[in-house]
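Participant: fold the following.
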Amino acid sequence: MNWSDPAHAQAALACLLVCGGLGWFVPPAISRLPEPEPEPATSVSSEASVSSEADASGGPRRVFERALPPRTAPKEPYADIAGLPHLAPLTAAAAALVGALVGLVLGWTGALLYLVPLVPIGVALMVIDWRTTLLPNRILHPTYVLLAVLIPLAALMDQDLDSLYRAGWGWLLVGGWFWLFWWLVNAWGFGDVRLSRVLGPALGYLGWSQMLMGLVLILFVGALGGLAMAVARRSLRVRVPYGPWMLLGALLAVLVGPWLARSLGY
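Facilitator: Take a look at the predicted model:
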């Protein structure tokens with residue numbers, strides 16, 4: 001990256017304005033989300049009972065069964081989240097800052113075609129997951145379609161069809177890793193698995209270093225963030241949001257992934 005290249009500064013300014021403008025509409029988008037079905041209250045004894053029933057009936061069971069911690073409070077309604085004081089300027093500022101950093105690092109590239117809309121989407125997911133420990137399908141599923149359309153267009157703009165190959169590997173490696181450990185040990189919620197299928201292709205398009213360092217950073221930042229929140233709440237049996245840390249790790253991969261890979265000798 002050439003920091004002195006004025007094209008990078010121009011890209012940063014353009015991304016700042018566009019992402020900031022889109023970020024302003026995050027609260028209205030959150031308010032329009034349908035509420036999920038309420039989760040039944042669970043306890044350790046009820047979890048053990050369900051597990052025993054599954055064994056007796058021959059139902060599917062993970063290799064190393066681990067139940068996710070139960071929800072300790074009712075889910076906060078999306079309308080209440082959208083109505084938080086000053087949320088619109090905060091989401092706009094966050095999206096503008098992230099967009100400016102991405103534009104400054106990458107410069108003018110076809111990847112901005114899908115990264116710019118991903119920024120406010122990521123901000124919305126961070127807010128929702130932080131408040132509810134949920135990642136709504138109503139956001140993630142349309143994002144799959146968005147990437148399926150915009151990543152090939154970005155490859156055509158960059159005249160780099162190899163980037164599609166890397167994006168596919170990103171979907172397979174990052175998404176496959178999260179699915180595998182969800183299936184084996186229920187290490188995270190399936191919403192995190194769905195989010196990994198967004199982050200994998202997005203990072204893979206940019207390069208092998210962004211994709212591989214991205215997986216490492218997502219896991220490392222996620223582990224640190226989850227542990228810090230568990231310590232702050234004085235319990236390891238507490239449900240914590242993992243999506244915000246995944247998104248932060250992916251952002252770090254975009255910003256410093258190649259530098260980190262070089263520093264490690266790759």
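
Participant: for I81, see how far away the residue lying closest to L219 once chain neighbours are set aside is.
Facilitator: Nearest residue to L219, sequence neighbours excluded (CB to CB, 6 or more residues apart in numbering): G249, at 7.4 Å. Backbone N, C-alpha and C define where each C-beta goes, glycine included. Note on G249: its distance to I81, by CB to CB, to the nearest Å, is 23 Å.

Participant: the more surrounded of the two?
Facilitator: Ranked by neighbour count (other CB atoms under 10 Å), G249 and I81 place G249 first, with 24 against 20.

Participant: and that one, what element?
Facilitator: helix 243-263 (DSSP states H and E).

Participant: which residues touch that helix?
Facilitator: Helix 243-263 has contacts (CB atoms under 8 Å, 6 or more residues apart in numbering) with 98, 101-102, 105-106, 115, 122, 125-126, 129-130, 135, 191-192, 195-196, 199, 202-203, 206-207, 209-214, 217-222, 224-226.

Participant: ok so, going back, quick check: the residue nearest to L219 vs D192, distance?
Facilitator: The value you get for G249 to D192, if CB to CB is used, is 12 Å.

Participant: follow-up on the earlier one: okay, the helix holding G249 in CSV with CA atoms only?
Facilitator: Taking C-alpha atoms only, helix 243-263 is exported to CSV below (Å, rounded to 0.1, in the frame of the first residue of the first chain):
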residue,chain,number,x,y,z
GLY,A,243,-20.4,-12.0,15.8
PRO,A,244,-18.9,-8.6,16.7
TRP,A,245,-15.5,-10.1,17.4
MET,A,246,-15.7,-12.1,14.1
LEU,A,247,-16.3,-8.8,12.3
LEU,A,248,-13.5,-7.0,14.1
GLY,A,249,-11.1,-9.9,13.3
ALA,A,250,-12.1,-9.7,9.6
LEU,A,251,-11.6,-6.0,9.5
LEU,A,252,-8.1,-6.4,11.0
ALA,A,253,-7.4,-9.0,8.3
VAL,A,254,-8.3,-6.4,5.6
LEU,A,255,-6.2,-3.7,7.2
VAL,A,256,-3.1,-5.7,8.3
GLY,A,257,-3.5,-9.2,7.0
PRO,A,258,-0.7,-9.0,4.3
TRP,A,259,1.7,-7.2,6.7
LEU,A,260,1.0,-9.8,9.4
ALA,A,261,1.6,-12.7,6.9
ARG,A,262,4.9,-11.2,5.8
SER,A,263,6.0,-10.6,9.4
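
Participant: which sections of the stretch 1-150 of the chain are below the confidence cut-off?
Facilitator: Where the stretch 1-150 of the chain drops to pLDDT under 70, the residues are 1-4, 38-72.

Participant: helices of that one, residue ranges please.
Facilitator: Using DSSP state H, counting those that start in this stretch, the helices found in the stretch 1-150 of the chain span residues 6-23, 26-31, 44-57, 78-82, 87-106, 112-132, 137-158.

Participant: what's the second one packed up against?
Facilitator: The contact analysis (3 or more CB pairs under 8 Å, 6 or more residues apart in numbering; DSSP states H and E) places helix 26-31 against helix 78-82, helix 87-106, helix 112-132.

Participant: contacts for stretch 17-26?
Facilitator: Applying CB under 8 Å, 6+ apart, the contact partners of stretch 17-26 are 87-89, 91-96, 98-100, 116-117, 119-120, 123-124, 127.

Participant: and the buried ones among those, selectable in ChimeraX?
Facilitator: Buried subset of these, written as a ChimeraX selection, criterion 16 or more other CB atoms under 10 Å:
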select :87,88,91,92,94,95,96,98,99,100,116,117,119,120,123,124,127
